[in-house]
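Engineer: Okay, here's the prediction I keep looking at, along with the sequence it came from:
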Amino acid sequence: MNQTDHDPRRLTDMPTGVPGLDVVLRGGFLSGGVYIVQGSPGAGKTILANQICFHHARHGGRALYTTVLAESHDRLLQHMASLGFVDAGVIPESLRYVSAFRELEEAGLPGLINLLRREVLRQQVSLLVLDGWLAVSDGTPSDVSLRKFVHELQVFTALQGCVVLLLTSNVRRDYRPEYTMVDGLLTLEDVRHLGWRQRELEVLKFRGKSFLRGRHAFRITGEGVRIYPRLEALLPLTPESDVPTSRLSLGIESMDNLLHGGLPTASTTIVVGASGSGKTTLALHFLSCASDAEPGLLFGFFETPRLLMANARTLGLDLAGQVDAGLVELNWHSPTEQILDDIGNQLLDAITRRNVKRLAVDGLDGLVEAAGPPDRVSRFFAAISNECRARGVTMLLTAEAANFVGPTVTLPIEGISAIVDNLILMRFVETRARLHRVMSVLKLRGSNFDRSLREFEITDHGIDVLEALADPDVAENAPDIRIGASPANSPVRRRQNREPG
Amino acid sequence: MRTVLVVDDEFGVPELLEFVLQEEGYRVVTAANGRQGLQRLAEDPRPDLVLLDYMMPVLNGPGMLHAMREGAYKFIPVVFMSSLDEDAVRRAAEQEFQAFLRKPFKLTELVGIVRRLLPE
């Protein structure tokens, strides 16, 4: 952005270059705007502002970083030296550091505004950062003089097309008068979530255009700040797709028969069950049908690719061969502290990269544990599910039931039964000192299905669904089940060989 | 030193233009409306150029321009500043003025016009 090219009658976007932030701001800051960036000490304001300055300077703009704090710029740069965005080559030609501490102390706000005007005009600056706004506002005797200062700054920068970032560590909720005057307000916070912390950015105000609302997680890495826009805010509402009529095989003929032909194409299925009941095995069967026309992806959280391939081999499934042939990709993520939107983006990228049509997300509960705020997980999955449906992806999620002993099955995500199209339950029933694996289809959206309780075995050729219960006592010992607390899943009593209703 | 009179009621604008033109080596006096502007014209040293806003309380830009041209200030160059388009301002002003700046304008544009109208 060259200052001499600026047309003050046209508001243009000034990209920040911070990954994710321009998505949140839908293009960047508006030329000539004055924005407050607030956050407690250590929240990342200085790194964020410097990253924007370096990006601006590297792309033809001129930036001025002004501090009103009694601190050395050399020290500031030393602290940031290891960050990937720092490019000493743009200093001082395109990025300058100026201290306004003395000017403010000796001449007050009139001295400060004149210093800023002079420097901006002399250097033809198009991005101005004023670090230490709290010191300016707290040291000002009256709200009137502060408002006067902000207004004078706005009049000037609007004509210059210069974007101004006022950095403040004020995190009080009693907003100051200047907050109503500025063009935008961004807040950075380090939020505690059940014993761990996540950095979050929120745009509270932005004049002149829309932005992505809500809290967006961010990280500070060796490359600087990276923001992960909330996926459910980002993904467009996809138009209602046609009800799928085609079916996709689960890779087990007897299971396809239970579903009256397989899973509906572009639907979302959740397989809930006890640990060791065969959920991952079912996912491997589903992926065994992957082909050039239907590329597969296993997006997992617990079993590593090596372990999955070894397990598949014991089931007679050549997962390693499929991976080698490029028919299936194994994408493993540690279920440790993760950013939900980072995972979501990686999932969507992996789908896009290979035009995936068969997707297995193995270990949904691992994702939930890793994701932080639990209140948004169902909304997040609704967005992912909609996106997959729009892309023609058939998704199979596996999740461990929280309490698989007893009559109630609690789903790992509240409200997910309403989001998914299909629901399959896998569990153990104990009779005569022996555990039996049983499965049942609880829901198949828009289609009839076999509602009988079916016993199955896992052999060296995978899942084998039996025609009838090996032990008639299994039916009597299978407890009545209730799924979660969703009204859509009222108590279901299934009886063997019940006719489809 | 040449003197520029800035007549504008919007808080912050006369102060900014004063700063910018002073940096360019001009003496600047300011007024918040047309009546004050006419008073400044009568002061010494007499301004060599008037930067005149269109919409102002008490006496607006066209009113002040009319008074200037009818009185003793026929030949002082005037630069109109307005967010209206130039044709509308010329029709409303009914008097000759030397340049027009459509608000918001570039400060470099302003400086260029002032330099052209007040050559060294």
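Structural biologist: Right, received. Where do you want to start?
Engineer: what sits against residue 20?
Structural biologist: By default, I'm working from chain A. Contact analysis of residue A:20 by C-beta atoms under 8 Å, 6 or more residues apart in numbering or on different chains lists A:216, A:218, A:226, A:227, A:228, A:229. Any C-beta I mention is one placed from the backbone N, CA and C, and that applies to glycine too.
Engineer: you looked at the wrong chain, it should be chain B
Structural biologist: A:117, A:121, B:107, B:110, B:111.
Engineer: looking at these, which has the most residues close by?
Structural biologist: residue B:107 (25 neighbours; other C-beta atoms under 10 Å in any protein chain shown).
Engineer: and the gap between it and chain A?
Structural biologist: To chain A, residue B:107 is 5 Å away according to C-beta to the nearest C-beta, to the nearest Å.
Engineer: What pLDDT is listed against that residue?
Structural biologist: In this model, residue B:107 is scored at 90, pLDDT.
Engineer: So the residue nearest the centre of chain A versus residue A:379, what's the distance?
Structural biologist: The centroid of chain A falls nearest to residue A:341 when counting by C-alpha atoms, centre = their mean (0.9 Å). The gap separating residue A:341 from residue A:379 is 12 Å, by C-beta to C-beta, to the nearest Å.
Engineer: again, but for residue A:109
Structural biologist: 45 Å.
Engineer: Neighbour count for those two, which is higher?
Structural biologist: Between residue A:109 and residue A:379, residue A:109 has the larger neighbour count (other C-beta under 10 Å), namely 20 against 15.
Engineer: between the contacts of residue A:20, which has the most around it?
Structural biologist: Counting by other C-beta under 10 Å, top hit in those: residue A:218 with 27 neighbours.
Engineer: Nearest spatial neighbour of that residue, chain-adjacent residues omitted?
Structural biologist: residue A:227 (4.3 Å; C-beta to C-beta, 6 or more residues apart in numbering or on different chains).
Engineer: Quick check, that neighbour in contact with residue A:24.
Structural biologist: Yes - Residue A:227 is in contact with residue A:24 according to C-beta atoms under 8 Å; the separation is 6.2 Å.
Engineer: where does the residue nearest to residue A:218 land on pLDDT?
Structural biologist: 97.
Engineer: Closest one of the contacts of residue A:20 to residue A:41?
Structural biologist: Of all the contacts of residue A:20, residue A:218 has the smallest distance to residue A:41: 16.7 Å, by C-beta to C-beta.
Engineer: Please name the bridge partners of that closest one.
Structural biologist: Beta bridges link residue A:218 to residue A:199, residue A:227, judged by DSSP bridges.
Engineer: Adding distance to residue B:39 and secondary structure, write the contacts of residue B:20 out as CSV.
Structural biologist: Written out in CSV, the entries for the contacts of residue B:20 read as follows (distance: C-beta to C-beta, whole Å; DSSP: H, G, I helix; E, B strand; the rest coil):
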residue, distance to residue B:39, secondary structure
A:117, 27, helix
A:121, 30, helix
B:107, 27, helix
B:110, 24, helix
B:111, 26, helix
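Engineer: so the spatially most central residue of chain B is in which element?
Structural biologist: Chain B has residue B:51 as the residue nearest its centroid, 1.4 Å off, counting by C-alpha atoms, centre = their mean. In this assignment (DSSP states H and E), residue B:51 forms part of strand B:49-53.
Engineer: And the average pLDDT for that strand is what?
Structural biologist: Computed over strand B:49-53, the mean pLDDT rounds to 97.
Engineer: Residue A:378 is in what secondary structure piece?
Structural biologist: Going by DSSP H and E, residue A:378 is part of helix A:377-390.
Engineer: so how far is that helix off the chain centroid?
Structural biologist: 11 Å (C-alpha atoms, centre = their mean, to the nearest Å).
Engineer: now for that helix, which elements pack on it?
Structural biologist: Helices and strands touching helix A:377-390, as assessed by 3 or more C-beta pairs under 8 Å, 6 or more residues apart in numbering or on different chains; DSSP states H and E, comprise helix A:231-234, strand A:268-273, helix A:340-354, strand A:394-400, helix A:416-419.
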